[in-house]
Structure formats: structure tokens, C-alpha cells
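Novice: I'd like to go over a predicted model; first the sequence, then the structure.
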Amino acid sequence: MYKLMLVDDEDEVREGITATVDFESCGFTLCAQATGAIDAIEKAAQFQPDVVFTDVHMPYMDGMEMISRLQEMYPTMKYIVLSGYDDFIYVKQALQRQVLDYLLKPLSAQGIMKVLRRTKEQLDEQAAKRVNLEVLRDKVTQNAQQLRRGVILEYLSGSYTGDARALCAYPQPVDERIAFPLYMAVLSLERTEENVEVLRRDFDSQPMLLGASVQEVLSEVFKRHEGECIQYRSQFLLLLPVQQEEAIVICDDAIESLQHYLHLTATAGLSYEVTGYAGLSDSYQAAVAALDKRLIAGQGRVYTTANYSQESRLKSLEMEPWLSRAAALCRSGQRAEIDAFYEELAQYIANEEMDLPARQAVLFRLMSAILSAADRSGVDVLTALSSYHMEMVLQPTNLAAGVEQLSGLTKFVADAVRREVATTGSEMIAQAVSYTQQNYGDKDLSLESLCSYFHISQTQFSLLFKREMGTSFLQYLLDLRIGKAQELLTQTGMKIYQIAEETGFGDASYFSYCFKQRCGLSPKEYRMQGGA
């Protein structure tokens, strides 16, 4: 049995949990109860629990601060966090490795026991790994490649602050070290009708197989050529320690192989030559810029970029804030904000020190950022392109005309995003409300199951629901169930446990607890008073 400590400053919550949850059947012994964070820290020293089940909001010290302090004293202790939806985003951001799971209010005994069983499985698995020497040996042999790839990905994101020379000192086979100089290619699967059909047909039931299938095809390519593949975000990075001509041949082979074996269209952007780890981030940006040429010239081929000078790379870094702002304006910008942005941009590119090619590069990168933002938001990119004269951006002999076209394109995308959010969001929430009203009696109906039914993230759904209905989904569901229970209590002779099952609570004690919290009376008292 694992030891569990329950922490909550509300006596009724602790009593409700201890009265309805069968801890031992889930593999736990309730070794202690604490009335707050300070009490929990003292009892943790006394009882040494394996798991702490804690609320977020408590007086004097909240649950997350308590966890931080306990982590310093007891590094192996694990946690289950309880919160209301208003804290959910905050809790998700604050979760550390030791936090195994979280629960949203209101609680049910079945929901708690489900999490406890899942937690026991995780603890069992971790314990098994600690004593399984074979697993440990396998991890040691894999660490060299994982470390190297981890450092590469950190350099790509620009977040690595260590010493790359330390990588060479790590005990690893010589052939596990990255070879410089090299060319980097960014390979992307296109969102064509044909690709979407293939994904729906071959990978819809198991979407995780897509990345593995692409990796398998690319591994066959690298049996014929030098290089390797690393999956990064939704793209595949090809590290090619060869000359540029051969790098282009390898990329062509990869594109043809994906088309032949998986029937998927892909496009690749090839960077300039990279001579060391420090150049990986700039190289990646250059490859992405080359890949963006497909928006104009077509898909299913390899695009290259010329070598950047140091000055060009510095200018590229200066462009990042502009690109981020343009993408943000596409998602939520108002027309006045967009006009102000492009007035500022016109002054920026009018700088006498910026020659015509540099100005052209600025406008081209902005156009790529806007079209990428449109694509991510589901806006029809081809319609957006056909509505404006993008040749003025690609060959900006008249800078004012190029800026004007980009401004119009940004407004087009922002307007389309607003219409889509307003229309689809309202329609979906209306459908969700109707679905909930028809299925409130299903005890398995939850925020998670509803979001899975509508294929939307819990965070996005909750925000839309709160906007449309003025309350959270969980509160709406609870109010709906309580309202139906009130009707059954006053209009029928059904027993309390039958009403609990009929209204989706399932557990009679949990139903009574929620009913009293909501109405100030127990179900029996409410019935006796005739619903008054």
C-alpha cells in the first residue's frame, strides 16, 4: 500500500472524500489529514506520505507554494492537485514532474478513485523501473543519442546556454556525434486535399503512427545517403553532412520516397552551410524562409537559400519582433492596430541604410508569416492570395504599394478569423448545450468527454462556453442536474438513490453532498418542505 495525505482547509470536503472514497481498493492508506498547508508540512515530516492530495486555494499558504516547499525537503514525494476551473490554466502551467495528476471541482467518489488507480499504476511503473537493471542499462546506452539530439533541439530554439564542447566529453560512440559542416533541410508535409484524404484513410484511427511512418521512410533514405532526421514541432529536420548538390539530391529522394510509399506530398527548404552548433538556430530560420517560397512557386520540391552574411543574420534577428506582431494581428488585430503597424513598418524599411534586396526580404518574410498564420487559423490561403497583388511584395520597386498589399492581406486574414471564431464558436456551444440537456443523466458526461465528442481542447471549449453562457461548463452541468433533481424530488416518489442515478450523480452520498452545497438543504429535507 502507498501512503496518502489529504490536504484541504474545508472540513466538509475532507469528510465527504473520506466517507465516499475506498482508498484501500485503489492501493492507498490514508495516513494523515491536514487542515492547511502549514499543517501539511508538519505532518509530512511525521508520516512521510508517498502522495499528497491537495487543494489549491487555502489560507496563509496556497497549495502550489506548499508543493514547492515540500519538493525541497522530500524530492520523491508526489502530488495530486485539486482545483476549480478558474485555477485550471494556472495549475497546468505550475505542474512539476512530481505532480502526477489533477482533479477539477466538483468532485465525485468515482472520479477520485479513477485518478487514484491511475496514480498507483504510475507509482508501480516508476518503482519497477528503479529496480529493473536491464531498463537502466538500456537507458544508459540511449542517453548519448538523446543528449546530442536534445542539445541540437535547444540550439534550434535558441535556448541552449551550455558549452557544446561538453557534448564531446560525454561517453558516447564516435559515430553518435554530429558531423560538421552540414546542410539543414526543413521538410514539411503539405495540407493538400490528397494529403488530408491519405491522413483520414490511413492514420485517422492512430494519428501517432504518422510521425513514425515518415521517420521509417526517411530512415530508408538515409541507408542510401549520409545524414539523419529529427522530428521538430510538426516538421522533420534533415541534417546532411554533405555538399549542397548532394544535399539537394537527398531531399529530392526523401520527397519522392514519401510520395511513393505513403502517397504524401512534401516540400523541403534547404539552409546554407552550418559549421557548428551555434549556427543551428540561424540555419533553421534560413531553411524555413526557403520553405516559404512554396507559397508562391508550388509544393513538392526542394527550395534553397543563398548564404547569409553576418549582417543579414543580424537583420534576420531584428525581424523576429515584426514577424511575431504580424502573426498576432492576424489572429486578433483590429483595423486601426493594423494600420498603425504598417505605418511603423513603412518608416522602418525607409531607412537609408537598408538596400532594396534587404527591403524585399523584409516584405517577403512578413508575407510568409501572415500566410503561415492564416494557414494555422484555417483561413483559405489561396483565396487570400488571389485577393491581392502579391507580385508587388515580391518585387517592391514601389515600397508603398508592397506595404499596402500586406496591410490589406493582414486585414483579410484577421476579419476571416473573427468571423470563423464568432460563427463556429456560437454554433458549437449551442450544440454542446443541447447535447448536455439530452445527456445530463449520463454519469460519464464530463468536460473531458464533451471536448472529445466535439474534437476541441478543454481550454478553448471552456473559454468559448464561458463567453456564450456566462458560466463554466461544470457549473452549468451541476446546475442542470440539481434542477432536474429538484423536479424529481417534488413531483415523484422516486427514492434518493434512484434520483441520484437518474440525474447523472450516480453515487447517492455524492449527490446529497452536492445538493446540500447548492440548495442549503439535504434532498430529504427539500422533499419534506415541498421544495420551498
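Specialist: That came through, no problem.

Novice: C-alpha from now on. contacts and neighbour counts both.
Specialist: OK.

Novice: Would you mind naming the helix or strand containing residue 80?
Specialist: Per DSSP states H and E, residue 80 falls inside strand 78-83.

Novice: list the helices and strands that strand packs on?
Specialist: Other elements packing on strand 78-83 under the criterion 3 or more CA pairs under 8 Å, 6 or more residues apart in numbering; DSSP states H and E are strand 51-55, strand 99-104.

Novice: Quick check: which of the ones you listed is buried the most?
Specialist: strand 51-55 (a mean of 25; mean count of other CA atoms under 10 Å).

Novice: What segments of the chain are strands?
Specialist: For the chain, the strands defined by DSSP state E occupy 2-7, 28-34, 51-55, 78-83, 99-104, 182-189, 228-232, 235-240, 266-274, 302-304.

Novice: To residue 366, which of the helices and strands packed on strand 78-83 lies closest?
Specialist: Closest approach to residue 366 among the helices and strands packed on strand 78-83 is made by strand 99-104 (40.9 Å; CA to CA).

Novice: Sheet partners, orientation included, of that closest one?
Specialist: Sheet pairing here is set by DSSP bridges, and for strand 99-104 it gives strand 78-83 (parallel).

Novice: Now the partner strand - C-alpha only, PDB.
Specialist: Provided in PDB are the C-alpha atoms of strand 78-83 (Å, rounded to 0.1, in the frame of the first residue of the first chain):
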ATOM      1  CA  LYS A  78       4.300  13.000  -5.500                       C
ATOM      2  CA  TYR A  79       1.200  15.100  -5.700                       C
ATOM      3  CA  ILE A  80      -2.400  15.200  -6.900                       C
ATOM      4  CA  VAL A  81      -3.800  18.700  -7.300                       C
ATOM      5  CA  LEU A  82      -7.500  19.700  -6.800                       C
ATOM      6  CA  SER A  83      -8.800  23.000  -8.300                       C
END
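
Novice: burial measure for residue 473, as a count.
Specialist: If you count neighbours by other CA atoms under 10 Å, residue 473 ends up with 24.

Novice: do residue 9 as well
Specialist: 18.

Novice: and what of residue 151?
Specialist: Using other CA under 10 Å: residue 151 sits among 20 other residues.

Novice: Tell me the spacing between it and residue 525.
Specialist: 65 Å (CA to CA, to the nearest Å).

Novice: hang on, residue 448 packs against residue 458?
Specialist: Yes - between residue 448 and residue 458 there is a contact at 6.7 Å, judged by CA atoms under 8 Å.

Novice: So the two - more neighbours on which side?
Specialist: residue 458 (15 against 12).

Novice: Give me the pLDDT for residue 144.
Specialist: Note for residue 144: predicted pLDDT of 57.

Novice: now residue 151
Specialist: 73.

Novice: Could you do residue 69 as well?
Specialist: pLDDT, residue 69: 86.

Novice: What of the one 3 residues further on?
Specialist: If you check residue 72, the pLDDT there is 81.

Novice: and it, how many neighbours?
Specialist: Counted with other CA under 10 Å, the neighbours of residue 72 add up to 10.

Novice: got it, and residue 346?
Specialist: Look at residue 346: counted by other CA under 10 Å, it has 15 neighbours.

Novice: just the angle between the strand holding residue 80 and strand 2-7, please?
Specialist: With axes from the mean of the first three to the mean of the last three CA atoms, to 10 degrees applied, the angle from strand 78-83 to strand 2-7 works out at 30 degrees.

Novice: residue contacts, the most centrally placed residue in the chain?
Specialist: Nearest to the geometric centre of the chain sits residue 457, at 9.1 Å (CA atoms, centre = their mean). Residue 457 makes contacts with residue 451, as judged by CA atoms under 8 Å, 6 or more residues apart in numbering.

Novice: What backbone torsions are found at it?
Specialist: phi -70, psi 150 (degrees, to the nearest 10).

Novice: any idea how far it lies from residue 451?
Specialist: Here the criterion is CA to CA. By it, residue 457 lies 6 Å from residue 451.

Novice: can you list the weak-confidence ranges in the stretch 51-200 of the chain?
Specialist: Along the stretch 51-200 of the chain, segments meeting pLDDT under 70 span 85-98, 130-148, 157-177.

Novice: Going along the chain, name the helices of it.
Specialist: 63-73, 88-94, 109-131, 133-157, 165-169, 193-198 (DSSP state H, counting those that start in this stretch).

Novice: low pLDDT regions in the stretch 201-350 of the chain?
Specialist: 204-208, 295-297, 306-318.

Novice: Walk me through the domains of the chain.
Specialist: Domain ranges of the chain: 2-131, 178-308, 312-420, 440-528, per automatic domain parsing.

Novice: wait, which of the ones you listed is closest to residue 426?
Specialist: Smallest distance to residue 426 across these (CA to CA): 6.8 Å, for domain 440-528.

Novice: How far does the closest one stretch from one end to the other?
Specialist: Across domain 440-528, first to last residue, CA to CA, it's 25 Å.

Novice: mind checking how far it is from the chain centre?
Specialist: Chain-centre distance of domain 440-528: 29 Å, with CA atoms, centre = their mean, to the nearest Å.

Novice: I'd like the mean pLDDT over that domain, please.
Specialist: Regarding domain 440-528, the rounded mean pLDDT is 87.

Novice: now stretch 426-434
Specialist: 85.

Novice: Run through who's touching that stretch.
Specialist: 450, 454, 464-465, 468.

Novice: Please apply the same query to stretch 63-83.
Specialist: Stretch 63-83 has contacts (CA under 8 Å, 6+ apart) with 37-38, 41, 49-57, 91, 94, 98-105.

Novice: rewinding a little: okay, the strands of the chain in CSV with distance to residue 210 next?
Specialist: Listed next are the strands of the chain as CSV, based on distance: least, CA to CA, whole Å:
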stretch, distance to residue 210
strand 2-7, 39
strand 28-34, 39
strand 51-55, 37
strand 78-83, 33
strand 99-104, 28
strand 182-189, 11
strand 228-232, 12
strand 235-240, 12
strand 266-274, 13
strand 302-304, 22
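
Novice: closest to residue 361 out of the helices and strands packed on strand 78-83?
Specialist: Shortest separation from residue 361 across the helices and strands packed on strand 78-83 is recorded for strand 99-104, at 46.3 Å, computed as CA to CA.
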